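A.B. asks: Below are the sequence and a predicted model for it; my questions follow.
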Amino acid sequence: MVQNFEERHSLVLQKAEDFAVRMVNLWKHMAFKMQEHDMSRQAKRSGTSVGANIAEALSAASKRDFLNKIYIAFKECSETKYWLRIMQKTEYLSQSEFDSIYGDACEIERMLTTIIRTTKINLSRESLTEASPDF
């Protein structure tokens, strides 16, 4: 079944919101129980920014603006994955904790990649159509 535009984007937004909640809970655990503040704060910032940028993209003024915001969300997701890898390598996250939350980040990143590719293709087609003279 092919999902329409709104369904696809509401799905990635919902996953990003759920991910943001996980990142806030991870930050609370690390900051208050493990006394780790720097990495957890950075991961919380980038991890919650993913959904915020997706939400902003859904209210974009143009398709190019939409693409820009989705790309920012993609970059924030990539940064979050970096911080999660550092937390796992420094043993702040167990392997099972890391696998779970990192897997969520990878899923969101794949969804954003698909959205970016599709939007670029659609923008390219539109510019070709606009450039073609009407006969």
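C.D. replies: Good, I have the coordinates.
A.B. asks: Quick check: buried residues in stretch 64-72?
C.D. replies: Buried residues in stretch 64-72, counting neighbours by 16 or more other C-beta atoms under 10 Å, are found at 66-67, 69-72. (Each C-beta comes from the backbone N, C-alpha and C, glycine too.)
A.B. asks: Export these as JSON lines, with columns for distance to residue 105.
C.D. replies: JSON lines is the format used below for those (distance: C-beta to C-beta, whole Å):
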{"residue": "66", "distance to residue 105": "22"}
{"residue": "67", "distance to residue 105": "21"}
{"residue": "69", "distance to residue 105": "18"}
{"residue": "70", "distance to residue 105": "16"}
{"residue": "71", "distance to residue 105": "16"}
{"residue": "72", "distance to residue 105": "15"}
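A.B. asks: Counting only strands, which of those make the cut?
C.D. replies: Members of those lying in strands (criterion: DSSP state E): none.
A.B. asks: Quickly check those residues for the two that are furthest apart.
C.D. replies: For those, the farthest-apart pair by C-beta to C-beta is 66 and 72; their separation is 11.0 Å.
A.B. asks: shared neighbours of the two, which are they?
C.D. replies: By C-beta atoms under 8 Å, 6 or more residues apart in numbering, residue 66 and residue 72 have no common neighbours.
A.B. asks: can you pull out the helices in this structure?
C.D. replies: Ranges of helices in the chain, per DSSP state H, are 5-28, 38-57, 63-89, 95-131.
A.B. asks: Tell me which of the ones you listed is the most buried.
C.D. replies: Mean neighbours per residue, mean count of other C-beta atoms under 10 Å, is largest over the helices of the chain for helix 38-57, with a mean of 21.
A.B. asks: Thanks a lot, catch you later.
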